[in-house]
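**Student:** Kindly return the folded structure for what I paste below:
(one chain, ligands or ions: 2)
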Amino acid sequence: MSTARLGFFTDTSICIGCKACEVACKEWNHVPEDGLALTGMSYDNTVGLGADTWRHVAFIEQARPDGLRWLMSSDVCKHCTEAACLDVCPTGSLFRTEFGTVVVQEDICNGCGYCIPACPYGVIDQRKEDGRAWKCTMCYDRLQVGAEPACAQTCPTRSIQFGPLDDLRERAAGRLAELQQAGVTDARLYGHDADDGVGGNGAFFLLLDEPEVYGLPPDPVVTTRDLPAMWRHAAMAALALATGAAASFLRAGR
Ligand code: SF4
Ligand code: SF4
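**Tutor:** Ligands and ions are numbered 1, 2, ... in the order given. All right, here's what the predicted structure looks like:
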């Protein structure tokens, strides 16, 4: 079995918004139903990722000089290279797999919720019913037997592509060049850059507009980046306090 880092490349330029990925994900991973309400946001009935929505297909309607345009994009956990959710988990429930993905082991999640604000993308979420944290596992059980994740296998247009990250990056660069040559100058890659604030993503995207249009942060930063410095400052402050208290105690004893 390959031990190369595996990932997703989601090419939103060929997504048709069928939501087969959402359904396949739910079916394979036994993710509970998350509502069929009309949200008023086009055909989007889940609005964002959550404990019960591990793939979310966004529908963005844009009025442009040349007419109405629909942008569709299937969002997912980014399986960050520097994953803050994993850094803050006190139980080891979140861990890095042999495929470079980030997985939650629900049986040892204690529901503390530290991982929720740590994620710079707002991906991981607590389930109301049991308080535990849930998110995409990139179908870890399927990867272990050499199968691809359910969403990628189901996507009829191959908007969701799965494989070794290096191959996907190469393929994405080729697709981007093709689109730009065809005059789609706003096309861009998101999450592919290993020098970005999270060290690059294991799940990256080809977008047709600014990330904010899709509800994605433009410059995500690993939220635990400053933790070592903060702990150092806290330790120095605690030492200064202890020294001051000891000095007062000695003075009072004279
Ligand atoms: S996107 Fe959020 S939940 Fe997913 S690996 Fe990165 S920090 Fe963790
Ligand atoms: S299955 Fe593919 S084409 Fe259908 S909504 Fe998901 S990403 Fe888009």
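**Student:** those strands in the stretch 101-250 of the chain, which residues are they?
**Tutor:** Under the criterion DSSP state E, counting those that start in this stretch, the stretch 101-250 of the chain contains strands at 102-104, 125-126, 133-134, 160-164, 188-190, 203-207.
**Student:** packing partners for the third one?
**Tutor:** When contacts are defined as 3 or more C-beta pairs under 8 Å, 6 or more residues apart in numbering; DSSP states H and E, strand 133-134 packs onto strand 125-126. Quick note: C-beta positions are derived from backbone N, CA and C, even for glycine.
**Student:** Using TSV, lay out the strands of the stretch 101-250 of the chain together with distance to ligand 2, mean pLDDT and mean neighbour count.
**Tutor:** As requested, these are exported to TSV (distance: least, C-beta to the nearest ligand atom, whole Å; pLDDT from 0 to 100; neighbours: other C-beta atoms under 10 Å):
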stretch	distance to ligand 2	mean pLDDT	mean neighbour count
strand 102-104	21	98	24
strand 125-126	20	97	19
strand 133-134	20	98	23
strand 160-164	5	98	20
strand 188-190	15	98	19
strand 203-207	11	98	23
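**Student:** how about those strands, which one is nearest ligand 1?
**Tutor:** Closest of those to ligand 1 is strand 102-104, at 4.0 Å (criterion: C-beta to the nearest ligand atom).
**Student:** With distance to residue 67 as extra columns, can I get the strands of the stretch 101-250 of the chain in a markdown table?
**Tutor:** Converted to a markdown table, the strands of the stretch 101-250 of the chain look like this (distance: least, C-beta to C-beta, whole Å):
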| stretch | distance to residue 67 |
| --- | --- |
| strand 102-104 | 40 |
| strand 125-126 | 36 |
| strand 133-134 | 40 |
| strand 160-164 | 27 |
| strand 188-190 | 22 |
| strand 203-207 | 20 |
